[in-house]
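In: Kindly generate the corresponding structure for this input.
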Amino acid sequence: MQRVINRKLYDTDRAEQIAQYAPNTDRGDFNYLIETLYRTPDGEYFLHGQGGAATEYAKPHNGGRIGSEEIEALTEEAALDWCENREIDGEVVVEEFGHLVET
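Out: Okay, here's the model as predicted:
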(Lines give C-alpha, C1' and ligand atoms only; values in the text may rest on other atoms or scores of the structure.)
Protein backbone atom coordinates (compact mmCIF):
# COMPACT_ATOMS: atom_id res chain seq x y z
CA MET A 1 0.00 0.00 0.00
CA GLN A 2 1.14 3.54 -0.69
CA ARG A 3 0.12 6.85 0.80
CA VAL A 4 1.49 10.37 0.52
CA ILE A 5 1.60 12.25 3.84
CA ASN A 6 3.03 15.76 4.01
CA ARG A 7 4.42 15.29 0.49
CA LYS A 8 6.34 12.16 1.43
CA LEU A 9 5.57 8.74 -0.03
CA TYR A 10 5.11 5.89 2.45
CA ASP A 11 5.18 2.54 0.65
CA THR A 12 4.90 -0.83 2.39
CA ASP A 13 6.71 -2.51 -0.53
CA ARG A 14 9.78 -0.27 -0.24
CA ALA A 15 10.09 -0.05 3.56
CA GLU A 16 11.52 -2.49 6.09
CA GLN A 17 9.05 -4.27 8.34
CA ILE A 18 10.05 -3.82 11.99
CA ALA A 19 7.22 -5.50 13.91
CA GLN A 20 3.68 -6.77 13.51
CA TYR A 21 0.70 -7.02 15.83
CA ALA A 22 -1.93 -9.44 14.60
CA PRO A 23 -4.34 -10.64 17.28
CA ASN A 24 -7.06 -11.59 14.76
CA THR A 25 -6.20 -12.43 11.16
CA ASP A 26 -9.60 -13.83 10.12
CA ARG A 27 -10.69 -11.34 7.46
CA GLY A 28 -14.29 -12.54 7.84
CA ASP A 29 -14.39 -11.33 11.45
CA PHE A 30 -15.56 -7.78 12.28
CA ASN A 31 -12.64 -7.60 14.76
CA TYR A 32 -10.00 -8.60 12.20
CA LEU A 33 -6.85 -6.58 12.96
CA ILE A 34 -3.29 -6.50 11.66
CA GLU A 35 -0.92 -3.61 12.33
CA THR A 36 2.60 -3.49 10.91
CA LEU A 37 5.34 -1.04 11.85
CA TYR A 38 7.71 -0.06 9.04
CA ARG A 39 10.87 2.03 8.66
CA THR A 40 11.53 3.85 5.39
CA PRO A 41 14.97 3.75 3.74
CA ASP A 42 15.64 7.23 5.18
CA GLY A 43 14.74 6.16 8.73
CA GLU A 44 11.18 7.42 9.14
CA TYR A 45 8.54 5.23 10.76
CA PHE A 46 4.99 4.51 9.72
CA LEU A 47 2.20 2.17 10.70
CA HIS A 48 0.10 0.23 8.22
CA GLY A 49 -3.11 -0.89 9.87
CA GLN A 50 -5.93 -2.96 8.47
CA GLY A 51 -9.02 -4.09 10.24
CA GLY A 52 -12.62 -5.18 10.13
CA ALA A 53 -15.84 -3.23 10.61
CA ALA A 54 -15.51 -3.20 14.42
CA THR A 55 -11.98 -1.74 14.48
CA GLU A 56 -10.54 1.75 14.32
CA TYR A 57 -9.73 1.16 10.65
CA ALA A 58 -13.40 0.78 9.63
CA LYS A 59 -14.89 3.24 7.15
CA PRO A 60 -18.53 4.28 6.69
CA HIS A 61 -20.30 2.45 3.85
CA ASN A 62 -23.99 2.44 2.85
CA GLY A 63 -25.19 3.37 6.32
CA GLY A 64 -22.90 0.85 8.03
CA ARG A 65 -19.20 0.23 8.36
CA ILE A 66 -16.74 -1.92 6.43
CA GLY A 67 -13.17 -2.96 7.08
CA SER A 68 -10.40 -0.88 5.59
CA GLU A 69 -6.70 -0.06 5.83
CA GLU A 70 -4.66 3.05 6.55
CA ILE A 71 -1.09 4.32 6.77
CA GLU A 72 -0.04 6.71 9.54
CA ALA A 73 3.34 8.46 9.79
CA LEU A 74 4.92 8.11 13.25
CA THR A 75 7.71 9.86 15.09
CA GLU A 76 10.40 7.61 16.52
CA GLU A 77 8.91 8.08 19.99
CA ALA A 78 5.40 7.23 18.76
CA ALA A 79 6.77 4.09 17.06
CA LEU A 80 8.37 3.04 20.36
CA ASP A 81 5.10 3.78 22.21
CA TRP A 82 3.23 1.59 19.69
CA CYS A 83 5.69 -1.25 20.37
CA GLU A 84 5.21 -0.92 24.12
CA ASN A 85 1.41 -0.73 23.87
CA ARG A 86 1.28 -3.79 21.60
CA GLU A 87 3.78 -5.69 23.77
CA ILE A 88 6.19 -6.29 20.90
CA ASP A 89 9.07 -8.65 21.77
CA GLY A 90 11.71 -6.83 23.85
CA GLU A 91 14.59 -7.98 21.63
CA VAL A 92 12.95 -6.35 18.60
CA VAL A 93 12.30 -3.14 20.55
CA VAL A 94 15.85 -2.93 21.92
CA GLU A 95 17.37 -3.66 18.52
CA GLU A 96 15.36 -0.88 16.87
CA PHE A 97 15.03 1.65 19.70
CA GLY A 98 17.82 0.71 22.12
CA HIS A 99 19.10 4.28 22.26
CA LEU A 100 15.69 5.34 23.68
CA VAL A 101 15.32 2.51 26.21
CA GLU A 102 16.76 2.70 29.71
CA THR A 103 18.69 -0.36 30.83
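
In: got the buried residues for the longest helix anywhere in the chain?
Out: Determined from DSSP state H, the single longest helix within the chain is helix 76-85. By neighbour count on 16 or more other C-beta atoms under 10 Å, the buried set for helix 76-85 is A79, L80, W82, C83. For glycine as for every other residue, the C-beta is placed from the backbone atoms N, C-alpha and C.

In: Look up how far T103 lies from the last one.
Out: Translated: C83. C83 sits 16 Å away from T103, going by C-beta to C-beta, to the nearest Å.

In: The second one too?
Out: Taken as C-beta to C-beta, the spacing of L80 relative to T103 amounts to 14 Å.

In: quick one: the residue nearest the centre of the chain from L74, how far?
Out: Nearest residue to the geometric centre of the chain (C-alpha atoms, centre = their mean): L47, 2.8 Å. L47 sits 6 Å away from L74, going by C-beta to C-beta.

In: Now do the shared contacts for these two.
Out: L37, W82 (C-beta atoms under 8 Å, 6 or more residues apart in numbering).

In: Please give the element, helix or strand, for the residue nearest to the centre of the chain.
Out: strand 45-51 (DSSP states H and E).

In: just the strands in this protein please.
Out: Assigned by DSSP state E, the strands in the chain fall at 2-5, 8-11, 16-24, 33-39, 45-51, 59-61, 64-66, 68-74.

In: What is the fifth one packed up against?
Out: Helices and strands touching strand 45-51, by 3 or more C-beta pairs under 8 Å, 6 or more residues apart in numbering; DSSP states H and E, are strand 33-39, strand 68-74, helix 76-85.
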